[in-house]
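>>> Just the structure for this:
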Amino acid sequence: MSDATMTARRTVALSAAGISLIAVCYGLARFAYGLFVPAFRSTFELDGATIGAIAAMSYVAYGAGILYATVATPRLGARFVSVSAGGLGAIGCALIAAAPTPGILALGVAVAGSSTGVASPPLAQVVARRVREQRRDRVQTIINAGTGLGVLVSGPVALLAGDQWRLAWAAFAVLCAATAVWVGAVVPSAADAGKREPRARPRVPAGATPMVSAAVVVGLGTGAVWTFGQDLLQGTGGQSAQAAAVVWIVLGACGLGGALAGGVIGRAGIVLTWRMLVVAASAATAVLAFAPSSFLIAAFGSGVFGAVYIAVTGVLLVWSTRIFVESPATGVGAAFLALALGQALGSPLIGWVADLADLRVAIAVAAGLGLGALVFTPPRPAPRRSE
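Prediction:
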């Protein structure tokens with residue numbers, strides 16, 4: 001075991017700060033956009049294609065953030081990059097809160113979305129380098145479940161803010177800034193975050209192509225719920241804003257269950273876990289498409305989707321660190337960049353289908369697309385060496 005391995009106490013502190021950073025960046029700065037789509041549609045008179053295009057900008061910026069974090073983490077250190085993620089989230093949320101036009105709204109959504117791409121690679125690098133091997137998969141998936149925590153927080157804030165959606169986004173900006181300060185105090189600096197990556201000719205590890213392809217397809221299938229889920233419940237299903245917000249809270253609360261993915265992988269194996277989660281994600285999306293007017297069914301479908309989405313991205317995270325053993329930040333960056341690409345392509349496509357036909361049909365199409373991820377499976381792990 002390396003001398004740099006964290007103690008159990010420091011691992012818990014890292015996990016708490018990490019899950020909080022993922023919560024504010026993913027759950028607030030990025031995915032809360034979908035929670036407020038009905039308000040944005042009303043305030044700025046947006047159609048479905050435009051809503052999808054703005055969401056796509058968030059995913060593109062997310063990809064740019066991943067590229068930055070993948071390059072910067074080995075050079076500048078996990079602490080600096082993690083803090084910059086919280087800072088970008090704060091700036092993006094503040095821009096959304098103050099947006100006078102759709103253009104500024106789109107800029108804010110893009111800046112906020114970039115924070116998510118910046119957040120994941122440095123945290124994954126620290127866990128892979130500094131946490132004991134027996135705890136790594138569990139810690140990776142616990143931190144990744146921060147998305148559910150952020151979604152859980154954003155729902156009550158939206159309910160309290162009511163029609164004053166700008167106040168909600170201002171509160172999100174404050175939470176992002178506060179978390180950046182916390183992360184700066186907990187995440188290891190460049191000096192002790194593990195060895196810097198040696199300069200070498202880039203090499204694509206065996207097994208990277210199926211992982212990237214799987215992530216793209218998952219993005220195509222899941223982006224619709226995050227972008228159009230609230231619009232589906234309120235606009236198509238006729239549910240009140242309060243009822244739809246409660247459904248969003250259920251999604252976030254169940255998303256915390258995605259933290260169990262690491263334990264499931266350990267028991268069922270990564271291949272079976274992946275297949276079960278892909279099927280469950282598509283099934284939950286289809287449930288929402290076919291029964292948007294029923295509060296109970298929508299809450300059930302959203303709850304399943306929340307838990308499964310966080311779990312499936314957790315499996316992607318573990319999958320990537322097993323493929324890119326020498327550079328975990330690069331592996332996570334590749335997987336999540338591919339996920340963002342799928343979501344960036346899927347959101348405007350679903351918006352376009354919704355404008356042509358119906359939002360229920362569009363989300364059902366997304367559910368079908370998601371099943372394509374079954375074509376790709378993670379490699380079975382090699383037997384562990386004793387330490």
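>>> Please count neighbours and contacts with C-alpha atoms only from this point.
Will do.
>>> Can you spell out which helices and strands pack onto the strand or helix carrying residue 310?
Per DSSP states H and E: residue 310 is located in helix 295-323. Contacting helix 295-323 under the criterion 3 or more Cα pairs under 8 Å, 6 or more residues apart in numbering; DSSP states H and E are the following elements: helix 133-144, helix 146-161, helix 208-231, helix 241-255, helix 261-268, helix 270-290, helix 328-356.
>>> Would you mind telling me which of the ones you listed is nearest residue 376?
Among the helices and strands packed on helix 295-323, the nearest to residue 376 by Cα to Cα is helix 208-231 (5.7 Å).
>>> low-confidence ranges in the stretch 1-150 of the chain?
Counting by pLDDT under 70, the stretch 1-150 of the chain has low-confidence residues at 1-4.
>>> okay, now residue 251: neighbour count?
Neighbour count of residue 251, defined by other Cα atoms under 10 Å: 28.
>>> Surely it and residue 148 touch.
Yes - assessed by Cα atoms under 8 Å, residue 251 is found in contact with residue 148 at 7.3 Å.
>>> quick one: common contacting residues for those two?
Listed as contacting both residue 251 and residue 148 by Cα atoms under 8 Å, 6 or more residues apart in numbering are 306, 307.
>>> Which strand or helix spans residue 69?
Applying DSSP H and E, one finds residue 69 within helix 48-76.
>>> buried residues in that helix?
For helix 48-76, the neighbour count (16 or more other Cα atoms under 10 Å) marks 48-70, 72-74 as buried.
>>> Let me see the residues that make contact with stretch 281-289.
221-222, 225, 229, 232, 297-298, 301-302, 304-305, 308-309, 359-361, 363-364, 366-368, 370-371.
>>> Excluding chain neighbours, what is closest to residue 35?
Nearest non-adjacent residue to residue 35, counting by Cα to Cα, 6 or more residues apart in numbering: residue 230, 5.7 Å away.
>>> meant to ask about residue 83
Spatial nearest neighbour of residue 83, chain neighbours left out: residue 180 (4.8 Å); criterion: Cα to Cα, 6+ apart.
>>> need the contact list for the one you found.
Applying Cα under 8 Å, 6+ apart, one finds that residue 180 lies in contact with 21, 82, 83, 84, 85, 86, 87.
>>> So which of these sit within helices?
Among the contacts of residue 180, the members falling in helices (DSSP state H) are 21, 82, 83, 84, 85, 86, 87.
>>> what packs against the one helix or strand residue 96 maps to?
Assigned by DSSP H and E, residue 96 belongs to helix 78-98. Contact here means 3+ Cα pairs under 8 Å, 6+ apart; on that basis helix 78-98 packs against helix 48-76, helix 102-130, helix 165-186.
>>> Columns distance to residue 212 on top of these, output as TSV?
Converted to TSV, the helices and strands packed on helix 78-98 look like this (distance: least, Cα to Cα, whole Å):
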stretch	distance to residue 212
helix 48-76	13
helix 102-130	15
helix 165-186	29
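>>> helix/strand/coil for residue 377?
Following DSSP: H, G, I helix; E, B strand; the rest coil, residue 377 is assigned to coil.
>>> what's the distance between the closest residue to it other than its chain neighbours and residue 277?
Nearest non-adjacent residue to residue 377, counting by Cα to Cα, 6+ apart: residue 271, 6.0 Å away. For residue 271, the distance to residue 277 (Cα to Cα, to the nearest Å) stands at 10 Å.
>>> Then residue 111?
Distance of residue 111 to residue 277, computed by Cα to Cα: 30 Å.
>>> again, but for residue 153
Noted for residue 153: a distance of 24 Å to residue 277, by Cα to Cα.
>>> one step back: who wins on neighbours among the contacts of residue 180?
Highest neighbour count within the contacts of residue 180, by other Cα under 10 Å: residue 21, with 35 neighbours.
>>> and it, what does it touch?
Listed by Cα under 8 Å, 6+ apart, the contact partners of residue 21 are 86, 119, 146, 176, 179, 180, 183.
>>> From what I see, the fifth one and residue 19 are in contact.
It stands for residue 179. No - using Cα under 8 Å, residue 179 and residue 19 do not qualify as a contacting pair, with a distance of 10.2 Å.
>>> Chain neighbours aside, what residue packs nearest to residue 324?
Nearest non-adjacent residue to residue 324 (Cα to Cα, 6+ apart): residue 331, at 5.0 Å.
>>> just checking, the one you found touches residue 337?
No - between residue 331 and residue 337 there is no contact under Cα under 8 Å: 9.8 Å.
>>> What's the local residue count around the nearest residue to residue 174 once chain neighbours are set aside?
Using Cα to Cα, 6+ apart and skipping residues adjacent in sequence, the residue nearest residue 174 is residue 90, 6.6 Å away. Close neighbours of residue 90, defined as other Cα under 10 Å, add up to 31.
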